[in-house]
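Participant: output the structure for:
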Amino acid sequence: MDLKTTKASNVLTDPTSPISKSRLGLNSSVMPCSQSGTSFSSTVQTVPRKKPPKLDDVHSNGWLEAMKASSPPRKQIVKNPFAEVSSDDIECAYHAWQLKFPSALLCFEKIIECARDKKVVIFLDYDGTLSPIVDDPDRAFMSADMRFAVRNAAKYFPTAIISGRKREMVYELVGLTELYYAGSHGMDIKFPRRDTSAISIDHLKSDKLSDQQENEFNLFQPAGEYLPMIEEVFRILVNITKDIKGAKVENHKFCASVHYRNVDEKSWKTIAQLVHDVLKNYPRLRLTHGRKVLEVRPGIDWNKGKAVEFLLKSMNLGKNEDVLPIYIGDDKTDEDAFKVLKQGNKGYGILVSSTPKDSAAFFSLKEPDEVNEFLKFLVNWKEEIMQ
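Facilitator: Next comes the predicted model:
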């Protein structure tokens with residue numbers, strides 16, 4: 001297909017058949033259970049919006065509880081000599097948790113055994129995965145060694161960054177042209193220029209793209225019509241939170257993020273109530289919780305899991321049984337991608353976490369340094385079998 005003569009699109013077409021349940025042929029020692037197959041949703045659907053509770057009570061909709069649950073203090077107990085729980089107890093709890101989510105480094109031989117004769121595709125979150133979590137999101141820089149590891153991985157495996165950040169911001173932080181970039185939780189996807197000749201764009205539609213975007217046929221934005229609304233809400237959120245010390249609002253293009261990492265916990269309820277009151281005037285938007293962040297997003301059926309399916313389909317790998325997708329992420333929003341890979345045993349989700357938490361992932365890594373090591377393992381394995 002001649003991409004230069006084909007218009008881009010932002011609407012997906014329905015697949016002809018569901019994905020095979022046994023595409024990996026993984027043995028029982030690696031796959032804890034067998035999941036039923038799933039079909040790829042054809043059209044970007046609007047998420048049904050439940051009738052909101054009383055608008056003056058953020059407790060009734062669980063927002064405040066969700067903020068606390070999704071934002072556990074990092075290593076605070078270890079640093080506190082008067083804490084009731086010792087660091088040894090925490091370490092024991094973590095090791096016990098790893099019985100369910102074993103280390104991807106320790107299980108690497110099992111992973112590559114399943115990867116033999118398959119095309120490995122790598123999906124990576126950014127914050128907390130490629131870079132450490134820091135108080136100032138603008139200073140969440142990946143190390144030079146991590147950048148080198150990602151670049152080497154992309155030489156052998158199709159590699160994508162899927163982040164809640166604005167796509168342009170993620171690209172600026174990573175700085176590698178050979179990657180796929182999906183910003184705003186997968187609602188703003190750009191393909192590497194070197195791969196545009198191989199991209200399947202039969203499922204793209206251009207009626208909601210600008211003239212400039214139509215010329216960038218490797219750009220996909222399923223929520224393009226929401227841009228003015230998100231921009232408007234972003235300005236409102238900046239204005240109403242400006243007097244809350246430590247609050248920071250970011251415009252991630254298709255997502256307005258309210259960070260409360262540096263806000264006194266006594267003011268969390270105030271932030272939740274302010275955001276809640278804004279959203280009641282925008283029924284087409286919805287709220288999700290990340291690590292010490294409230295994210296206002298378009299109310300469409302789209303997330304990081306949908307982005308993974310879309311990217312695999314665009315690489316002409318969506319129905320290929322000889323593909324092993326691996327998704328590495330640390331945030332609650334990455335769970336949608338973990339679930340997609342777990343359903344039908346299509347691939348592996350790897351959770352990056354230094355504390356026990358429930359997840360749909362199969363394996364775990366403790367911190368970005370271990371992600372770096374895992375990527376190097378993959379590269380070394382690939383170079384060895386190519387010799």
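
Participant: going forward, measure contacts and count neighbours with C-alpha atoms only.
Facilitator: Fine.

Participant: tell me where the chain has strands.
Facilitator: Remark: strands assigned in the chain by DSSP state E are 119-124, 159-162, 180-183, 188-190, 219-220, 248-251, 256-259, 285-290, 293-298, 323-329, 348-352, 363-365.

Participant: contact partners of the third one?
Facilitator: Translated: strand 180-183. 159-168, 170-171, 188-192, 252, 307 (Cα atoms under 8 Å, 6 or more residues apart in numbering).

Participant: same thing but 10 Å
Facilitator: With contacts defined as Cα atoms under 10 Å, 6 or more residues apart in numbering, strand 180-183 is touched by 123-125, 154, 158-171, 174, 188-193, 195, 219-221, 252-255, 304, 307-308, 311.

Participant: buried among those? Make that a ChimeraX selection.
Facilitator: Buried residues among those (16 or more other Cα atoms under 10 Å), as a ChimeraX selection:
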select :123,124,125,154,158,159,160,161,162,163,164,165,166,167,168,170,171,174,188,189,190,191,192,219,220,221,252,253,254,255,304,307,308,311
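
Participant: which residue, other than its chain neighbours, is closest to Tyr180?
Facilitator: For Tyr180, ignoring the flanking residues on the chain, the nearest one in space by Cα to Cα, 6 or more residues apart in numbering is Ala160 at 4.3 Å.

Participant: could you check how far the one you found is from Ala182?
Facilitator: Distance of Ala160 to Ala182, given as Cα to Cα, to the nearest Å: 7 Å.

Participant: touching both of those two, which residues are there?
Facilitator: 123-125, 189-191, 308, 311.

Participant: and the residue positioned nearest the centre of the chain, what does it touch?
Facilitator: In the chain, the C-alpha nearest the mean C-alpha coordinate belongs to Asp334, at 4.1 Å (Cα atoms, centre = their mean). Residues counted as contacts of Asp334 (Cα under 10 Å, 6+ apart) are 124-125, 162-164, 185, 290, 303-305, 327-328, 349-351, 359-361.

Participant: could you redo the last one with a cut-off of 8 Å?
Facilitator: Counting by Cα under 8 Å, 6+ apart, Asp334 touches 125, 304-305.

Participant: and Leu179, by the same measure?
Facilitator: Counting by Cα under 8 Å, 6+ apart, Leu179 has contacts 154, 158-161, 191-192.

Participant: about what we covered before: against Val323, how distant is the residue nearest to the centre of the chain?
Facilitator: Taking Cα to Cα, one finds Asp334 at 20 Å from Val323.

Participant: that older thread, report the two of the shared contacts of Ala160 and Ala182 separated the most.
Facilitator: Maximum pairwise distance among the shared contacts of Ala160 and Ala182 (Cα to Cα): 16.3 Å, between Asp125 and Phe191.

Participant: hey, what's the nearest residue to Phe141 once chain neighbours are set aside bridged with?
Facilitator: Leaving aside its sequence neighbours, Phe141 sits nearest to Ser131 (Cα to Cα, 6+ apart; 5.7 Å). Note on Ser131: beta-bridge partners Asp127, judged by DSSP bridges.

Participant: so how far is Ala144 from Ser131?
Facilitator: 11 Å.

Participant: more neighbours: the two, which one.
Facilitator: More crowded of Ser131 and Ala144, by other Cα atoms under 10 Å: Ser131, with 22 against 10.

Participant: OK, contacts around the more buried one?
Facilitator: 140-143, 368.

Participant: make it 7 Å
Facilitator: 140-142, 368 (Cα atoms under 7 Å, 6 or more residues apart in numbering).

Participant: quick one: which of the residues you listed is most hemmed in?
Facilitator: Within these, most neighbours by other Cα under 10 Å means Pro368, with 24 neighbours.

Participant: name the nearest residue to that residue, ignoring sequence neighbours.
Facilitator: Spatially, and ignoring its direct neighbours in sequence, Pro368 is nearest to Thr129 (5.0 Å; Cα to Cα, 6+ apart).

Participant: that neighbour and Asp331 touch, don't they?
Facilitator: No - with contact defined as Cα atoms under 7 Å, Thr129 does not count as touching Asp331 (8.9 Å).

Participant: what's the first-to-last distance across stretch 292-311?
Facilitator: When the termini of stretch 292-311 are compared using Cα to Cα, they are 28 Å apart.

Participant: what distance do you get for Leu375 to Leu324?
Facilitator: Where Leu324 is concerned, Leu375 sits at a distance of 15 Å (Cα to Cα).

Participant: that older thread, keep only those of the contacts of strand 180-183 that are in helices.
Facilitator: Within the contacts of strand 180-183, residues falling in helices by DSSP state H are 154, 167-171, 174, 304, 307-308, 311.

Participant: in TSV: those, plus pLDDT.
Facilitator: Formatted as TSV, those follow (pLDDT from 0 to 100):
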residue	pLDDT
Ala154	97
Arg167	95
Glu168	95
Met169	95
Val170	95
Tyr171	95
Val174	96
Lys304	97
Ala307	97
Val308	97
Leu311	96
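
Participant: wait, which of these is closest to Ile240?
Facilitator: Met169 (24.5 Å).

Participant: look up how far Leu317 lies from that closest one.
Facilitator: For Met169, the distance to Leu317 (Cα to Cα) stands at 27 Å.

Participant: next: Glu309.
Facilitator: To Leu317, Glu309 is 9 Å away according to Cα to Cα.

Participant: what about the contacts of Ser131, which are in helices?
Facilitator: Within those, residues falling in helices by DSSP H are Pro368.

Participant: closest one of the contacts of Ser131 to Arg286?
Facilitator: Ala140 (26.1 Å).

Participant: would you confirm that the closest one contacts Val134?
Facilitator: Yes - assessed by Cα under 7 Å, Ala140 is found in contact with Val134 at 6.0 Å.

Participant: which residue, other than its chain neighbours, is closest to Arg167?
Facilitator: Nearest one to Arg167, counting by Cα to Cα, 6+ apart, is Gly183 at 3.9 Å.

Participant: ugh, wrong one, I meant Ile162
Facilitator: Of all residues not flanking Ile162 in the chain, Ala182 sits nearest, at 4.6 Å (Cα to Cα, 6+ apart).

Participant: quick check: bridge partners of the one you found?
Facilitator: With DSSP bridges applied, Ala182 shows beta-bridge pairing to Ile162, Ile189.
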